[in-house]
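Engineer: Output the structure for:
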Amino acid sequence: MRFNFKLDPKMNIHFIAIGGSAMHNLALALHERGDTLITGSDDAIFEPSKTRLRMAGLLPQSEGWFVEKINNNIDAVIIGMHAKKENPELIRAQKLGLNIFSYPEFLFESSKAKTRVVIGGSHGKTSTTSMLLHSLRLSNLDVDFMVGAQLDGYNTMVRLSNDSEWAVFEGDEYLSSPIDLRPKFHLYRANVAILTGIAWDHINVFPTIDDYRLAFEGFLKSMEPGGTLIYNEDDKDLEKIVIEDNSPIRKIPYHMPKYRIQNGRWIWITPQGDLPLSFIGKHNLSNAEGARWLAQEMGVQAEDFYDALTSFKGAKSRLEVLKSGTKRIIHLDFAHAPSKVRATVEAYCETYIDEVTIGLLELHTFSSLNSEFISGYKDSLDGLDKAIVFFDPKSVAHKNLPELKKDEVQSAFGSEILVLTSIDEMQKTLYNLPEKCNLLIMSSGDLGGFDIRAYAENCLC
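Structural biologist: Presented below is the predicted three-dimensional model:
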(Lines give C-alpha, C1' and ligand atoms only; values in the text may rest on other atoms or scores of the structure.)
Protein backbone atom coordinates (compact mmCIF):
# COMPACT_ATOMS: atom_id res chain seq x y z
CA MET A 1 0.00 0.00 0.00
CA ARG A 2 1.38 3.40 -1.01
CA PHE A 3 0.06 6.95 -0.96
CA ASN A 4 1.02 9.77 -3.32
CA PHE A 5 3.93 10.61 -1.10
CA LYS A 6 5.19 14.12 -0.60
CA LEU A 7 7.16 15.68 2.25
CA ASP A 8 4.17 17.57 3.57
CA PRO A 9 4.30 19.61 6.79
CA LYS A 10 3.51 17.99 10.11
CA MET A 11 3.94 14.41 9.00
CA ASN A 12 4.43 11.69 11.63
CA ILE A 13 7.21 9.29 10.63
CA HIS A 14 8.37 6.34 12.72
CA PHE A 15 11.75 4.63 12.25
CA ILE A 16 12.12 0.95 13.08
CA ALA A 17 15.89 0.53 13.75
CA ILE A 18 16.58 4.26 13.99
CA GLY A 19 20.15 3.76 15.22
CA GLY A 20 21.64 2.60 11.91
CA SER A 21 24.20 4.77 10.16
CA ALA A 22 21.94 5.63 7.23
CA MET A 23 18.68 5.49 9.22
CA HIS A 24 19.68 7.95 11.92
CA ASN A 25 21.00 10.38 9.32
CA LEU A 26 17.68 10.28 7.48
CA ALA A 27 15.86 10.85 10.77
CA LEU A 28 18.10 13.83 11.54
CA ALA A 29 17.62 15.27 8.05
CA LEU A 30 13.83 15.11 8.32
CA HIS A 31 13.93 16.50 11.85
CA GLU A 32 16.06 19.46 10.72
CA ARG A 33 13.31 20.47 8.30
CA GLY A 34 11.33 21.44 11.37
CA ASP A 35 7.97 20.32 10.02
CA THR A 36 8.12 16.55 10.57
CA LEU A 37 7.49 14.64 13.80
CA ILE A 38 10.03 11.82 14.14
CA THR A 39 9.84 8.84 16.49
CA GLY A 40 11.91 5.68 16.49
CA SER A 41 12.95 2.46 18.15
CA ASP A 42 15.97 0.19 18.20
CA ASP A 43 17.25 -2.66 20.33
CA ALA A 44 20.87 -1.40 20.19
CA ILE A 45 22.20 2.07 19.37
CA PHE A 46 25.92 2.78 19.24
CA GLU A 47 28.08 5.84 18.76
CA PRO A 48 28.07 8.20 16.98
CA SER A 49 24.37 7.57 16.31
CA LYS A 50 23.47 7.65 20.01
CA THR A 51 24.97 11.08 20.72
CA ARG A 52 23.67 12.62 17.49
CA LEU A 53 20.13 11.36 18.14
CA ARG A 54 20.28 12.53 21.77
CA MET A 55 21.40 16.03 20.77
CA ALA A 56 18.45 16.25 18.37
CA GLY A 57 16.01 14.97 20.98
CA LEU A 58 15.32 11.83 18.93
CA LEU A 59 17.01 9.16 21.05
CA PRO A 60 14.43 6.59 22.24
CA GLN A 61 13.97 6.62 26.02
CA SER A 62 14.61 2.88 26.17
CA GLU A 63 16.16 0.38 23.82
CA GLY A 64 13.82 -2.26 22.47
CA TRP A 65 10.66 -2.59 20.40
CA PHE A 66 7.39 -1.11 21.64
CA VAL A 67 4.19 -1.89 19.74
CA GLU A 68 2.38 0.95 21.52
CA LYS A 69 4.43 3.39 19.42
CA ILE A 70 2.61 2.16 16.30
CA ASN A 71 -0.82 3.73 15.75
CA ASN A 72 -3.03 5.20 13.06
CA ASN A 73 -1.59 8.69 13.56
CA ILE A 74 1.62 7.59 11.82
CA ASP A 75 1.87 8.68 8.18
CA ALA A 76 4.88 6.53 7.30
CA VAL A 77 7.02 3.79 8.82
CA ILE A 78 10.61 3.43 7.62
CA ILE A 79 12.25 0.08 8.37
CA GLY A 80 16.00 -0.53 8.44
CA MET A 81 17.94 -3.68 7.58
CA HIS A 82 18.86 -4.20 11.23
CA ALA A 83 15.25 -5.10 12.01
CA LYS A 84 13.81 -8.56 11.38
CA LYS A 85 10.65 -9.40 9.47
CA GLU A 86 9.24 -10.74 12.76
CA ASN A 87 9.75 -7.34 14.42
CA PRO A 88 6.67 -6.67 16.61
CA GLU A 89 6.45 -3.00 15.57
CA LEU A 90 6.58 -4.02 11.90
CA ILE A 91 3.87 -6.64 12.39
CA ARG A 92 1.68 -4.06 14.14
CA ALA A 93 2.22 -1.56 11.29
CA GLN A 94 1.28 -4.21 8.74
CA LYS A 95 -1.90 -5.08 10.61
CA LEU A 96 -2.91 -1.41 10.72
CA GLY A 97 -2.26 -1.05 7.00
CA LEU A 98 0.26 1.78 7.49
CA ASN A 99 2.54 2.96 4.71
CA ILE A 100 5.79 1.03 5.22
CA PHE A 101 8.93 2.03 3.35
CA SER A 102 12.43 0.69 3.11
CA TYR A 103 15.12 3.36 3.27
CA PRO A 104 15.64 3.51 -0.53
CA GLU A 105 11.89 3.41 -1.17
CA PHE A 106 11.42 6.46 1.02
CA LEU A 107 14.24 8.31 -0.77
CA PHE A 108 12.63 7.53 -4.12
CA GLU A 109 9.16 8.59 -3.01
CA SER A 110 10.67 11.81 -1.68
CA SER A 111 12.46 12.55 -4.96
CA LYS A 112 10.35 11.08 -7.76
CA ALA A 113 9.64 14.56 -9.15
CA LYS A 114 13.38 15.30 -9.27
CA THR A 115 16.19 14.20 -11.60
CA ARG A 116 17.82 11.32 -9.72
CA VAL A 117 21.56 10.76 -10.04
CA VAL A 118 22.74 7.39 -8.67
CA ILE A 119 26.36 6.42 -7.98
CA GLY A 120 26.79 2.62 -8.01
CA GLY A 121 29.57 0.04 -8.15
CA SER A 122 31.31 -2.46 -5.91
CA HIS A 123 33.85 0.14 -4.89
CA GLY A 124 34.38 3.88 -5.03
CA LYS A 125 30.74 4.86 -4.47
CA THR A 126 31.29 7.07 -1.44
CA SER A 127 34.41 8.76 -2.83
CA THR A 128 32.76 9.46 -6.20
CA THR A 129 29.61 10.81 -4.53
CA SER A 130 31.70 12.97 -2.21
CA MET A 131 33.71 14.45 -5.08
CA LEU A 132 30.55 15.17 -7.04
CA LEU A 133 28.83 16.86 -4.09
CA HIS A 134 31.94 18.94 -3.39
CA SER A 135 32.00 20.24 -6.96
CA LEU A 136 28.26 20.91 -6.99
CA ARG A 137 28.46 22.86 -3.75
CA LEU A 138 31.26 25.09 -5.03
CA SER A 139 29.23 25.63 -8.21
CA ASN A 140 26.26 26.75 -6.05
CA LEU A 141 24.08 23.96 -7.39
CA ASP A 142 21.52 23.06 -4.72
CA VAL A 143 20.80 19.32 -4.56
CA ASP A 144 19.25 16.71 -2.32
CA PHE A 145 21.60 13.86 -1.50
CA MET A 146 22.45 10.70 0.38
CA VAL A 147 26.10 9.70 0.84
CA GLY A 148 27.67 6.86 2.80
CA ALA A 149 30.17 8.84 4.89
CA GLN A 150 30.22 11.99 6.95
CA LEU A 151 31.58 14.91 4.90
CA ASP A 152 33.21 18.10 6.13
CA GLY A 153 30.76 20.98 6.02
CA TYR A 154 27.65 18.79 6.14
CA ASN A 155 25.59 18.17 9.29
CA THR A 156 24.06 14.96 7.99
CA MET A 157 24.67 12.39 5.26
CA VAL A 158 21.16 13.02 3.91
CA ARG A 159 19.32 16.10 2.63
CA LEU A 160 15.72 16.12 1.39
CA SER A 161 13.86 19.23 0.32
CA ASN A 162 10.79 20.25 -1.63
CA ASP A 163 12.53 22.58 -4.05
CA SER A 164 15.79 21.03 -5.30
CA GLU A 165 15.76 19.96 -8.93
CA TRP A 166 18.38 17.22 -8.43
CA ALA A 167 18.77 14.29 -6.03
CA VAL A 168 22.17 12.58 -5.77
CA PHE A 169 22.13 9.13 -4.14
CA GLU A 170 24.95 6.71 -3.37
CA GLY A 171 23.56 3.43 -4.71
CA ASP A 172 24.18 0.27 -2.71
CA GLU A 173 23.59 -3.18 -4.24
CA TYR A 174 22.69 -4.70 -0.84
CA LEU A 175 19.11 -5.68 0.07
CA SER A 176 16.56 -2.94 0.74
CA SER A 177 14.88 -4.23 3.91
CA PRO A 178 13.91 -7.44 5.72
CA ILE A 179 10.63 -7.48 3.76
CA ASP A 180 12.02 -6.17 0.46
CA LEU A 181 14.87 -8.26 -0.93
CA ARG A 182 15.52 -6.10 -3.99
CA PRO A 183 18.94 -4.41 -4.25
CA LYS A 184 18.69 -0.87 -2.92
CA PHE A 185 19.90 0.86 -6.05
CA HIS A 186 17.14 -0.71 -8.16
CA LEU A 187 14.54 1.30 -6.26
CA TYR A 188 15.93 4.74 -7.17
CA ARG A 189 15.05 4.40 -10.90
CA ALA A 190 17.98 6.54 -11.89
CA ASN A 191 17.76 9.22 -14.56
CA VAL A 192 21.56 9.56 -14.58
CA ALA A 193 23.92 6.94 -13.14
CA ILE A 194 27.50 5.84 -12.90
CA LEU A 195 28.93 2.36 -12.30
CA THR A 196 32.53 2.45 -11.06
CA GLY A 197 33.24 -1.27 -11.28
CA ILE A 198 32.12 -4.72 -10.22
CA ALA A 199 33.80 -7.19 -7.87
CA TRP A 200 31.97 -9.99 -6.09
CA ASP A 201 30.94 -9.17 -2.52
CA HIS A 202 28.16 -9.83 0.06
CA ILE A 203 28.20 -13.60 -0.38
CA ASN A 204 25.52 -13.99 2.30
CA VAL A 205 23.17 -12.36 -0.21
CA PHE A 206 24.87 -13.21 -3.53
CA PRO A 207 26.24 -16.77 -3.16
CA THR A 208 27.91 -16.73 -6.59
CA ILE A 209 29.50 -14.12 -8.85
CA ASP A 210 26.65 -14.73 -11.32
CA ASP A 211 24.11 -13.81 -8.62
CA TYR A 212 26.09 -10.65 -7.95
CA ARG A 213 26.21 -9.71 -11.63
CA LEU A 214 22.44 -10.04 -11.85
CA ALA A 215 22.08 -7.19 -9.37
CA PHE A 216 24.00 -4.89 -11.74
CA GLU A 217 22.17 -6.14 -14.80
CA GLY A 218 18.94 -5.37 -12.97
CA PHE A 219 20.18 -1.90 -12.13
CA LEU A 220 20.54 -1.01 -15.82
CA LYS A 221 17.02 -2.26 -16.44
CA SER A 222 15.73 -0.20 -13.50
CA MET A 223 16.92 3.09 -15.01
CA GLU A 224 14.36 5.47 -16.46
CA PRO A 225 14.03 5.10 -20.26
CA GLY A 226 16.14 7.73 -21.99
CA GLY A 227 18.47 8.00 -19.01
CA THR A 228 22.25 8.23 -19.10
CA LEU A 229 24.71 5.64 -17.78
CA ILE A 230 28.37 6.53 -17.28
CA TYR A 231 30.55 3.47 -16.74
CA ASN A 232 34.17 2.52 -16.11
CA GLU A 233 35.32 0.91 -19.35
CA ASP A 234 38.58 -0.21 -17.70
CA ASP A 235 36.56 -2.81 -15.77
CA LYS A 236 36.06 -5.52 -18.40
CA ASP A 237 33.50 -7.46 -16.38
CA LEU A 238 31.38 -4.33 -16.06
CA GLU A 239 31.94 -3.43 -19.70
CA LYS A 240 30.56 -6.83 -20.75
CA ILE A 241 27.40 -6.29 -18.68
CA VAL A 242 26.87 -2.84 -20.20
CA ILE A 243 27.47 -3.98 -23.78
CA GLU A 244 25.06 -6.92 -23.44
CA ASP A 245 22.34 -4.74 -21.92
CA ASN A 246 19.60 -3.55 -24.27
CA SER A 247 17.92 -0.99 -22.03
CA PRO A 248 16.80 2.24 -23.77
CA ILE A 249 19.50 4.39 -22.18
CA ARG A 250 22.52 6.38 -23.36
CA LYS A 251 25.87 4.83 -22.36
CA ILE A 252 29.09 6.81 -21.90
CA PRO A 253 32.40 5.06 -21.07
CA TYR A 254 35.22 6.69 -19.11
CA HIS A 255 38.83 5.72 -18.39
CA MET A 256 41.43 6.27 -15.70
CA PRO A 257 43.12 9.56 -16.68
CA LYS A 258 46.83 10.36 -16.93
CA TYR A 259 48.76 11.26 -13.80
CA ARG A 260 52.17 11.48 -12.24
CA ILE A 261 53.50 11.40 -8.67
CA GLN A 262 55.85 14.11 -7.49
CA ASN A 263 57.30 14.08 -3.96
CA GLY A 264 54.44 11.86 -2.77
CA ARG A 265 51.81 14.17 -4.33
CA TRP A 266 49.44 12.83 -6.97
CA ILE A 267 49.02 15.17 -9.94
CA TRP A 268 46.19 14.82 -12.45
CA ILE A 269 47.30 15.72 -15.98
CA THR A 270 44.23 17.50 -17.36
CA PRO A 271 43.51 19.41 -20.60
CA GLN A 272 43.63 22.55 -18.42
CA GLY A 273 47.07 21.67 -17.04
CA ASP A 274 48.50 19.87 -14.02
CA LEU A 275 46.12 19.49 -11.07
CA PRO A 276 47.76 18.70 -7.69
CA LEU A 277 45.49 16.48 -5.58
CA SER A 278 45.04 16.00 -1.84
CA PHE A 279 44.16 12.31 -2.24
CA ILE A 280 46.10 9.36 -3.60
CA GLY A 281 45.56 6.30 -5.76
CA LYS A 282 44.64 5.32 -9.29
CA HIS A 283 41.27 4.11 -8.07
CA ASN A 284 40.52 7.54 -6.62
CA LEU A 285 41.71 9.24 -9.78
CA SER A 286 39.34 7.00 -11.72
CA ASN A 287 36.56 7.95 -9.29
CA ALA A 288 37.36 11.62 -9.89
CA GLU A 289 37.08 11.19 -13.66
CA GLY A 290 33.71 9.50 -13.20
CA ALA A 291 32.56 12.32 -10.93
CA ARG A 292 33.67 14.83 -13.57
CA TRP A 293 31.39 13.17 -16.14
CA LEU A 294 28.49 13.23 -13.69
CA ALA A 295 29.09 16.88 -12.86
CA GLN A 296 29.11 17.66 -16.58
CA GLU A 297 25.72 15.96 -16.98
CA MET A 298 24.47 18.26 -14.21
CA GLY A 299 25.77 21.40 -15.87
CA VAL A 300 29.18 21.89 -14.24
CA GLN A 301 31.92 22.76 -16.71
CA ALA A 302 35.16 20.72 -16.68
CA GLU A 303 37.34 23.67 -15.62
CA ASP A 304 35.01 24.38 -12.68
CA PHE A 305 35.14 20.73 -11.62
CA TYR A 306 38.95 20.73 -11.75
CA ASP A 307 39.06 23.92 -9.69
CA ALA A 308 36.74 22.41 -7.10
CA LEU A 309 38.82 19.24 -6.80
CA THR A 310 41.91 21.17 -5.69
CA SER A 311 40.18 21.71 -2.34
CA PHE A 312 38.69 18.22 -2.00
CA LYS A 313 40.24 16.50 1.04
CA GLY A 314 38.41 13.17 0.79
CA ALA A 315 35.60 11.45 2.67
CA LYS A 316 35.97 10.20 6.21
CA SER A 317 37.77 6.83 6.44
CA ARG A 318 38.63 6.87 2.73
CA LEU A 319 42.44 6.98 2.85
CA GLU A 320 41.92 9.60 5.53
CA VAL A 321 45.11 10.99 7.08
CA LEU A 322 44.79 10.50 10.84
CA LYS A 323 48.24 11.85 11.69
CA SER A 324 51.16 13.14 9.67
CA GLY A 325 54.67 14.03 10.74
CA THR A 326 58.31 13.77 9.80
CA LYS A 327 58.61 10.19 11.04
CA ARG A 328 55.24 8.65 10.29
CA ILE A 329 51.99 9.07 8.38
CA ILE A 330 48.91 7.14 9.50
CA HIS A 331 46.02 6.57 7.08
CA LEU A 332 42.62 5.00 7.75
CA ASP A 333 40.61 3.42 4.94
CA PHE A 334 37.25 1.65 4.78
CA ALA A 335 38.66 -1.02 2.45
CA HIS A 336 37.42 -4.51 3.30
CA ALA A 337 36.56 -6.41 0.09
CA PRO A 338 39.49 -7.88 -1.88
CA SER A 339 39.26 -5.43 -4.79
CA LYS A 340 39.15 -2.46 -2.41
CA VAL A 341 42.07 -3.73 -0.36
CA ARG A 342 44.12 -4.40 -3.48
CA ALA A 343 43.49 -0.91 -4.91
CA THR A 344 44.19 0.83 -1.60
CA VAL A 345 47.45 -1.05 -0.99
CA GLU A 346 48.60 -0.40 -4.55
CA ALA A 347 47.93 3.32 -4.12
CA TYR A 348 49.76 3.40 -0.80
CA CYS A 349 52.83 1.59 -2.05
CA GLU A 350 52.99 3.67 -5.23
CA THR A 351 52.78 6.90 -3.23
CA TYR A 352 55.39 5.97 -0.64
CA ILE A 353 57.61 3.90 -2.92
CA ASP A 354 60.84 4.92 -1.21
CA GLU A 355 59.52 4.65 2.36
CA VAL A 356 58.68 1.81 4.74
CA THR A 357 55.00 0.86 4.41
CA ILE A 358 53.06 -1.20 6.96
CA GLY A 359 49.46 -2.28 6.50
CA LEU A 360 46.91 -3.64 8.95
CA LEU A 361 43.72 -5.18 7.55
CA GLU A 362 40.76 -6.19 9.73
CA LEU A 363 38.60 -9.05 8.46
CA HIS A 364 35.18 -8.08 9.75
CA THR A 365 32.41 -8.62 7.19
CA PHE A 366 30.47 -11.84 6.65
CA SER A 367 32.26 -12.37 3.34
CA SER A 368 35.78 -11.70 4.61
CA LEU A 369 35.38 -14.14 7.50
CA ASN A 370 34.08 -16.90 5.24
CA SER A 371 36.64 -19.54 4.30
CA GLU A 372 34.96 -19.98 0.87
CA PHE A 373 35.45 -16.31 0.01
CA ILE A 374 38.75 -15.48 1.66
CA SER A 375 40.86 -16.88 -1.19
CA GLY A 376 39.88 -13.72 -3.09
CA TYR A 377 42.40 -11.82 -0.96
CA LYS A 378 45.34 -13.65 -2.52
CA ASP A 379 48.26 -11.25 -3.07
CA SER A 380 46.10 -8.23 -2.11
CA LEU A 381 48.67 -7.06 0.47
CA ASP A 382 51.67 -7.50 -1.81
CA GLY A 383 53.99 -4.52 -1.93
CA LEU A 384 53.80 -3.65 1.75
CA ASP A 385 57.01 -4.02 3.74
CA LYS A 386 54.99 -5.56 6.56
CA ALA A 387 51.43 -6.89 6.25
CA ILE A 388 49.21 -7.62 9.28
CA VAL A 389 45.77 -9.23 9.22
CA PHE A 390 43.54 -9.07 12.29
CA PHE A 391 40.26 -10.83 12.95
CA ASP A 392 38.27 -11.40 16.11
CA PRO A 393 37.11 -15.02 16.58
CA LYS A 394 34.09 -13.61 18.45
CA SER A 395 32.96 -11.90 15.24
CA VAL A 396 33.18 -15.22 13.39
CA ALA A 397 31.04 -16.92 16.04
CA HIS A 398 28.58 -14.00 16.15
CA LYS A 399 27.98 -14.38 12.41
CA ASN A 400 27.38 -18.14 12.88
CA LEU A 401 30.31 -18.99 10.60
CA PRO A 402 32.60 -22.01 10.91
CA GLU A 403 35.77 -21.44 12.91
CA LEU A 404 38.39 -19.52 10.94
CA LYS A 405 41.95 -20.59 11.65
CA LYS A 406 45.12 -18.54 11.41
CA ASP A 407 46.74 -20.92 8.94
CA GLU A 408 43.68 -20.67 6.65
CA VAL A 409 44.11 -16.90 6.55
CA GLN A 410 47.86 -17.16 6.02
CA SER A 411 47.36 -19.58 3.13
CA ALA A 412 44.56 -17.53 1.54
CA PHE A 413 46.60 -14.32 1.30
CA GLY A 414 49.40 -16.21 -0.41
CA SER A 415 52.18 -14.03 0.94
CA GLU A 416 54.07 -13.50 4.17
CA ILE A 417 51.68 -11.86 6.62
CA LEU A 418 51.31 -11.63 10.39
CA VAL A 419 47.91 -12.94 11.50
CA LEU A 420 46.58 -11.64 14.83
CA THR A 421 43.41 -12.68 16.66
CA SER A 422 43.57 -10.71 19.90
CA ILE A 423 43.31 -7.00 20.61
CA ASP A 424 46.26 -7.19 23.00
CA GLU A 425 48.47 -8.69 20.28
CA MET A 426 47.38 -6.04 17.83
CA GLN A 427 47.94 -3.19 20.28
CA LYS A 428 51.40 -4.47 21.19
CA THR A 429 52.30 -4.78 17.50
CA LEU A 430 51.12 -1.25 16.66
CA TYR A 431 52.98 0.30 19.57
CA ASN A 432 56.19 -1.47 18.54
CA LEU A 433 56.42 -0.43 14.90
CA PRO A 434 59.68 0.93 13.51
CA GLU A 435 60.24 4.55 14.48
CA LYS A 436 60.12 5.70 10.86
CA CYS A 437 57.36 4.13 8.77
CA ASN A 438 53.98 4.81 7.19
CA LEU A 439 50.97 2.92 8.54
CA LEU A 440 47.81 2.05 6.60
CA ILE A 441 44.80 0.80 8.60
CA MET A 442 42.03 -0.88 6.57
CA SER A 443 38.81 -1.71 8.36
CA SER A 444 35.03 -1.50 8.02
CA GLY A 445 34.67 -2.59 11.65
CA ASP A 446 35.94 -1.32 15.00
CA LEU A 447 39.19 -3.30 15.31
CA GLY A 448 37.77 -5.22 18.24
CA GLY A 449 37.16 -2.00 20.15
CA PHE A 450 40.68 -0.61 19.69
CA ASP A 451 40.47 3.19 19.28
CA ILE A 452 42.65 3.76 16.23
CA ARG A 453 41.99 7.51 16.22
CA ALA A 454 43.21 7.87 19.80
CA TYR A 455 46.24 5.72 18.90
CA ALA A 456 47.05 8.00 15.97
CA GLU A 457 46.64 11.12 18.08
CA ASN A 458 49.06 9.82 20.71
CA CYS A 459 51.48 8.38 18.20
CA LEU A 460 54.85 10.07 17.92
CA CYS A 461 54.95 11.12 14.27
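
Engineer: can you give me the strands for the stretch 301-450 of the chain?
Structural biologist: For the stretch 301-450 of the chain, the strands defined by DSSP state E, counting those that start in this stretch occupy 320-324, 328-333, 357-362, 386-390, 418-420, 437-442.

Engineer: Residue 120 is nearest to which of those strands?
Structural biologist: Closest to residue 120 of the strands of the stretch 301-450 of the chain is strand 328-333 (Cβ to Cβ; 20.1 Å). Using the backbone N, CA and C atoms, a C-beta is placed for each residue, glycine as well.

Engineer: Centre of the chain to that closest one, how far?
Structural biologist: 19 Å (Cα atoms, centre = their mean, to the nearest Å).

Engineer: Report the strands that pair with it, each with its relative direction.
Structural biologist: Strand pairing for strand 328-333, using DSSP bridges, gives strand 320-324 (antiparallel), strand 437-442 (parallel).

Engineer: For it, give the mean pLDDT please.
Structural biologist: Averaging pLDDT along strand 328-333 yields 94.

Engineer: quick one, that strand and strand 357-362 angle?
Structural biologist: In terms of direction (axes from the mean of the first three to the mean of the last three Cα atoms, to 10 degrees), strand 328-333 departs from strand 357-362 by 30 degrees.

Engineer: buried set for stretch 360-373?
Structural biologist: Residues of stretch 360-373 classed as buried by neighbour count (16 or more other Cβ atoms under 10 Å): 360, 361, 362, 363, 364, 365, 366, 367, 368, 369, 370, 373.

Engineer: which non-adjacent residue is nearest the most centrally placed residue in the chain?
Structural biologist: Taking Cα atoms, centre = their mean, the centroid of the chain lies closest to residue 148, which sits 4.3 Å from it. Leaving out its chain neighbours, the residue that sits closest to residue 148 by Cβ to Cβ, 6 or more residues apart in numbering is residue 126, at 4.3 Å.

Engineer: how is the protein carved up into domains?
Structural biologist: Domain assignment for the chain by automatic domain parsing gives 11-98, 106-309, 320-458.

Engineer: quick one: contacts for the nearest residue in space to residue 300 that is not next to it in sequence?
Structural biologist: Distance criterion Cβ to Cβ, 6+ apart; nearest residue to residue 300, sequence neighbours excluded, is residue 139 at 5.0 Å. Neighbour list for residue 139: 295, 299, 300, 304, 308 [criterion: Cβ atoms under 8 Å, 6 or more residues apart in numbering].

Engineer: if I look at the fourth one, how far off is residue 339?
Structural biologist: Distance, residue 304 to residue 339, using Cβ to Cβ, to the nearest Å: 31 Å.

Engineer: ok, now the last one?
Structural biologist: For residue 308, the distance to residue 339 under the criterion Cβ to Cβ works out to 27 Å.

Engineer: Likewise for residue 160?
Structural biologist: If you measure residue 160 against residue 339 using Cβ to Cβ, the figure is 32 Å.

Engineer: quick one, which of residue 304 and residue 339 is more surrounded?
Structural biologist: residue 339 (21 against 15; other Cβ atoms under 10 Å).

Engineer: ok, the more buried one touching residue 199?
Structural biologist: Yes - the pair residue 339 / residue 199 is scored as a contact, 3.6 Å apart, by Cβ atoms under 8 Å.

Engineer: so what sits against both of the two?
Structural biologist: 122, 123.

Engineer: For the longest helix seen in the chain, enumerate the helices and strands it packs against.
Structural biologist: The single longest helix within the chain, with elements called by DSSP state H, is helix 282-297. Other helices and strands packing on helix 282-297, by 3 or more Cβ pairs under 8 Å, 6 or more residues apart in numbering; DSSP states H and E, are strand 115-120, helix 125-138, strand 192-195, strand 228-232, strand 250-254, strand 265-270, helix 302-309, helix 338-351.

Engineer: I'd like the ones you listed as JSON lines, with mean pLDDT appended.
Structural biologist: Listed next are these as JSON lines, based on pLDDT from 0 to 100:
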{"stretch": "strand 115-120", "mean pLDDT": "98"}
{"stretch": "helix 125-138", "mean pLDDT": "96"}
{"stretch": "strand 192-195", "mean pLDDT": "98"}
{"stretch": "strand 228-232", "mean pLDDT": "98"}
{"stretch": "strand 250-254", "mean pLDDT": "98"}
{"stretch": "strand 265-270", "mean pLDDT": "96"}
{"stretch": "helix 302-309", "mean pLDDT": "96"}
{"stretch": "helix 338-351", "mean pLDDT": "94"}
